[in-house]
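[1] no sequence for this one, just the structure:
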């Protein structure tokens, strides 16, 4: 079980009920504007690790596939930001 507090207060809450999982992944909405930019920039670690893997490690997949996926990560992050901005616009 996982509970979350989406209220805009200074003390957000996160509830994890027993049995506790080995890992908990947490994300936060910290941006009040520029959702598309923030969504695209959220993938910087994925892109950096992908570039590192292409340069320094022999990839498990063909090189062309890695090169296709590298720009896909920020594009999908920006898409998520766009959808969030549309959701905010519909709320008013």
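    In hand now; what should we look at? Because the structure is a prediction, the values reported are computed rather than measured.
[2] what's the longest helix in this structure?
    helix 63-91 (DSSP state H).
[3] so which bits of that helix are buried?
    Neighbour-count burial for helix 63-91 flags 70, 73, 74, 77, 78, 80, 81, 84, 85 (criterion: 16 or more other CB atoms under 10 Å). Where you see a C-beta, it was placed from the backbone N, CA and C, and this is true even at glycine.
[4] could I get those residues as CSV with distance to residue 21 and pLDDT?
    CSV is the format used below for these (distance: CB to CB, whole Å; pLDDT from 0 to 100):
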residue, distance to residue 21, pLDDT
70, 31, 88
73, 26, 89
74, 29, 91
77, 25, 89
78, 30, 91
80, 24, 89
81, 28, 88
84, 26, 86
85, 32, 87
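[5] between the residues you listed, which is nearest residue 64?
    Comparing the buried residues of helix 63-91 against residue 64 with CB to CB places residue 70 closest, at 11.0 Å.
[6] would you agree that closest one is in contact with residue 47?
    Yes - between residue 70 and residue 47 there is a contact at 6.0 Å, judged by CB atoms under 8 Å.
[7] rewinding a little: show me what the longest helix of the chain is packed against.
    If contacts are counted by 3 or more CB pairs under 8 Å, 6 or more residues apart in numbering; DSSP states H and E, helix 63-91 sits against helix 35-41, helix 44-56.
[8] what pLDDT, on average, does the first one get?
    So that's helix 35-41. For helix 35-41, mean pLDDT rounds to 85.
[9] so which elements touch that helix?
    Packing contacts for helix 35-41, counted by 3+ CB pairs under 8 Å, 6+ apart, involve helix 63-91.
[10] give me the phi and psi angles of the residue most central in space within the chain.
    Note on the chain: the residue nearest the mean C-alpha position is residue 42, at 5.4 Å, using CA atoms, centre = their mean. The phi/psi pair for residue 42 (degrees, to the nearest 10) reads phi -70, psi -20.
[11] thanks a lot, see you next time.
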